[in-house]
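**Student:** sequence plus the predicted model coming up.
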Amino acid sequence: MYTSHASCLEKKSVMKVVTQLYHSDKSSTVAFYSHKRVICVNLLSSRAIQKVDMFGSVVVGIGTAGFVRIRDMLAPLPSSAAEKLSVKGFISRRTLEEQQGVKQITIEDALRRDDIKVAFVCTENAVHEENIRTFLEAGKHVCVEYPMAMTHKTAVDLWDLAQEKGVVLHEEHIELLTADFKQLKKDIAGKKLEEGSLHFTGGPLKPGFGFPAFSGIARLTWLVDLFGELSVTAASMEEDQENKYMKMTTQLMTKEQKPLTWIEERGPGLPRVKNINFRFDSCTMTQLPPAAREPVGLFMQDLVLFSQKLLGQVPRDQLHAERHRVLHCLELADRIQQLSQQGQGSAQDA
């Protein structure tokens, strides 16, 4: 952006190059030397943005998330990057009628077609890796519901593959976009944690969602986003398969050596609730703060973010930070599963 208090001559020079860039349809960084000063202009011409091809997309899996993905692409947020997405079809193991006017296609068609550049993976967690890898190998961009994989190593391999192919791999985390989480993050800013807990309850999960540390990684992501990198000190698992009940309890530690407890509890009749108890140096928070409902839905917010990545509009440092957070959470989930299944309560004993 040109913000220098330059002379009229300098401004005319800048405008001349800006005009040239507008007609060149490409990004440029231009340096001007005038009166022993360098004026740097970084811009992407508006005409180039307008001429970006549409990203034809396919939705893999037609559950709740898949339905919402189709809905949002059919009616994207006006004047947002999401308008560059166009749904071309959906893939399902079942033979289905049209969904919201969109036809079913085969995975072979999706991989072969040049007009399909993006895949939205909305299947059960157990087959995320297979679908992601298939589309990345074909040079398609991928947006996947969390978690992208059931092990940390697999996620690293998938991200490396995306980088090798020169495509975007995006893991959805709408839990970070909720109004109550945004408000919570604002409310605790500047406070020093002494100890805390996050206890999630909900109904039983269907098969294919994996170990609770992975199926519930949204809660772990909350804790990491709020308090920074964590380490696992202990983990245990109670399970009654006959009654579809489970309870995973994890002891975590911040870099400042402050303890956190994360509990995932699921069973018939349990309400879907997050219970918090965070004790800070100045106060204690025992419930999520009230927050007004935002006008843009969570999946639409995520769709816009993903679209911005496709258009190269997300800063590199933000992309690196996001990848680091995602992989850190998956590494923690790996460790939690290992300790829980070994039946060893302490990481020091493992």
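**Tutor:** Everything's here; your move.
**Student:** what ranges do the strands span in this protein?
**Tutor:** Using DSSP state E, the strands of the chain run over 28-34, 37-43, 55-60, 85-91, 118-121, 141-144, 169-171, 193-202, 230-240, 245-254, 259-266, 273-280, 284-285.
**Student:** got a list of what Asp109 touches?
**Tutor:** Contacts for Asp109 (Cβ atoms under 8 Å, 6 or more residues apart in numbering) come out as Gly89. The way it works is simple: take the backbone N, C-alpha and C, and place the C-beta from them, glycine included.
**Student:** per-residue confidence for it?
**Tutor:** What the model reports as pLDDT for Asp109 is 98.
**Student:** isn't Ile263 up against Gln251?
**Tutor:** No: between Ile263 and Gln251 there is no contact, the gap being 10.2 Å when judged by Cβ atoms under 8 Å.
**Student:** what's the most buried one of the strands of the chain?
**Tutor:** Ranked by mean neighbour count, the strands of the chain are led by strand 118-121 with a mean of 28 (mean count of other Cβ atoms under 10 Å).
**Student:** how far away from the center of its chain is it?
**Tutor:** Relative to its chain's centre, strand 118-121 lies at 13 Å (Cα atoms, centre = their mean, to the nearest Å).
**Student:** from Val224, how far off is the closest residue to Leu339 other than its chain neighbours?
**Tutor:** Once flanking residues are discounted, Leu339 sits nearest to Ala235: 4.0 Å by Cβ to Cβ, 6 or more residues apart in numbering. From Ala235 over to Val224 the distance is 16 Å, taken as Cβ to Cβ, to the nearest Å.
**Student:** repeat for Ala82
**Tutor:** Ala82 is 27 Å from Val224, by Cβ to Cβ.
**Student:** repeat that for Leu177.
**Tutor:** Distance of Leu177 to Val224, given as Cβ to Cβ: 15 Å.
**Student:** do Glu239 as well
**Tutor:** From Glu239 to Val224 the distance is 25 Å (Cβ to Cβ).
**Student:** list the contacts for the residue nearest to Leu339?
**Tutor:** Neighbour list for Ala235: 213, 248-251, 335-337, 339-340, 345, 347 [criterion: Cβ under 8 Å, 6+ apart].
**Student:** ok, now Phe227?
**Tutor:** Neighbour list for Phe227: 193, 196, 254, 258, 260 [criterion: Cβ under 8 Å, 6+ apart].
**Student:** let's go with 10 Å and repeat that
**Tutor:** Neighbour list for Phe227: 188, 193, 196, 252, 254-256, 258, 260, 278 [criterion: Cβ atoms under 10 Å, 6 or more residues apart in numbering].
**Student:** reformat those residues as TSV; add distance to Thr106 and pLDDT.
**Tutor:** As requested, those are exported to TSV (distance: Cβ to Cβ, whole Å; pLDDT from 0 to 100):
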residue	distance to Thr106	pLDDT
Ile188	48	96
Leu193	51	98
Gly196	48	98
Leu252	44	98
Thr254	48	98
Lys255	49	97
Glu256	52	97
Lys258	52	98
Leu260	46	98
Phe278	49	98
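**Student:** of those residues, closest to Gln308?
**Tutor:** Gln308 lies nearest to Ile188 out of these, by Cβ to Cβ, at 27.2 Å.
**Student:** quick one, helices of the stretch 51-200 of the chain?
**Tutor:** Along the stretch 51-200 of the chain, counting by DSSP state H, counting those that start in this stretch, helices occupy 64-74, 107-112, 128-137, 152-165, 179-188.
**Student:** CA atoms only: put the shortest one into PDB for me.
**Tutor:** Backbone C-alpha positions of helix 107-112 (Å, rounded to 0.1, in the frame of the first residue of the first chain) are rendered in PDB as follows:
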ATOM      1  CA  ILE A 107     -14.600 -40.500  -7.100                       C
ATOM      2  CA  GLU A 108     -12.900 -41.500 -10.400                       C
ATOM      3  CA  ASP A 109     -14.800 -38.700 -12.100                       C
ATOM      4  CA  ALA A 110     -13.700 -36.200  -9.400                       C
ATOM      5  CA  LEU A 111     -10.100 -37.200  -9.700                       C
ATOM      6  CA  ARG A 112     -10.100 -37.100 -13.500                       C
END
